[in-house]
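S.K.: What follows is a predicted protein model with its sequence.
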Amino acid sequence: MANTPLKQRGIAREGGYLLEIVKGMGVTFSHLWKNIRQPENRRTVAYPEIRNPFPPRFRSVHRLTRHADGAPRCTACMCCATGCPAGCIHIVAAEYPDRPIEKYPARFDIDMLKCVECGLCVESCPCDAIRMDTGMVPMPAFTREDFIYTKERLLSHEPQVAPNGYRPRRGDL
Ligand code: SF4
Ligand code: SF4
């Protein structure tokens, strides 16, 4: 008899747990039903087949921009290399034979193993020649050399285009 109140309390506590479990399952199944009925509202995607675009202000892998004739906009002024806190930009300047007013980078390497993705190179460039709007992240590689992003590689990168057609602008960084 002395144990009865304790026993009753135990049953009541178990009943409470059951109620909470039922409530939780109700939330789960309501989301499941919503996702089945409206798949476009799902917050998860089947990665890596489907990838959500990065937000416009996300600092992704660099790219070097070009003039309309395809020549790099970079004038090898070294502002980015000077401002880079990680010292990971290596530029070798050269002169155009037919364009005496500006130089171009014969070499432009970024060591992605050292880069801290700070974006100061983009900020310091007076020519809008380097951007971090590709929507890519540095991919894993087997050798250190594979993490040296060369001028050719940086020039081949394209900007990320959002599903609504929006392209990040320079001021978005
Ligand atoms: S993002 Fe920062 S660390 Fe990386 S290359 Fe640019 S300035 Fe250097
Ligand atoms: S990317 Fe811009 S800041 Fe860097 S060397 Fe070229 S022009 Fe100068």
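M.R.: Sure, I can see it. Ligands and ions are numbered 1, 2, ... in the order given.

S.K.: and the protein, which residues reach ligand 2?
M.R.: Proximity of the chain to ligand 2 (C-beta under 6 Å from any ligand atom) is limited to residues 74-80, 91, 124-125, 127, 129-130. In this view, the C-beta of every residue, glycine as well, is placed from N, C-alpha and C.

S.K.: Give the ChimeraX command for selecting the buried subset of those residues.
M.R.: In ChimeraX, this line selects whichever of these come out buried by 16 or more other C-beta atoms under 10 Å:
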select :74,75,76,77,79,80,91,124,125,127,129,130
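
S.K.: Tell me where this protein has helices.
M.R.: Using DSSP state H, the helices found in the chain span residues 4-37, 79-83, 120-124, 151-156.

S.K.: how about JSON lines for the ones you listed, with distance to ligand 1 added?
M.R.: Compiled in JSON lines, the helices of the chain are given as follows (distance: least, C-beta to the nearest ligand atom, whole Å):
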{"stretch": "helix 4-37", "distance to ligand 1": "38"}
{"stretch": "helix 79-83", "distance to ligand 1": "6"}
{"stretch": "helix 120-124", "distance to ligand 1": "3"}
{"stretch": "helix 151-156", "distance to ligand 1": "11"}
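
S.K.: Out of those helices, flag the one nearest Pro105.
M.R.: Proximity to Pro105 (C-beta to C-beta) singles out helix 151-156 among the helices of the chain, at 5.8 Å.

S.K.: coming back round to it: quickly, which of the helices of the chain bottoms out on average pLDDT?
M.R.: Out of the helices of the chain, helix 4-37 stands lowest, with a mean of 81 (criterion: mean pLDDT).

S.K.: quick one: Val161 from ligand 2, how far?
M.R.: According to C-beta to the nearest ligand atom, to the nearest Å, Val161 and ligand 2 sit 22 Å apart.

S.K.: Grab the most central residue of the chain for me.
M.R.: For the chain, the residue nearest the mean C-alpha position is Ser60 (4.3 Å; C-alpha atoms, centre = their mean).

S.K.: give the contact list for that one.
M.R.: By C-beta atoms under 8 Å, 6 or more residues apart in numbering, the contact list for Ser60 reads Phe54, Met132, Asp133, Thr134, Gly135, Met136, Val137, Gln160.

S.K.: in the longest strand anywhere in the chain, what's buried?
M.R.: The single longest strand within the chain, with elements called by DSSP state E, is strand 103-111. For strand 103-111, burial by neighbour count (16+ other C-beta under 10 Å) applies to Lys103, Tyr104, Pro105, Phe108, Asp109, Ile110, Asp111.
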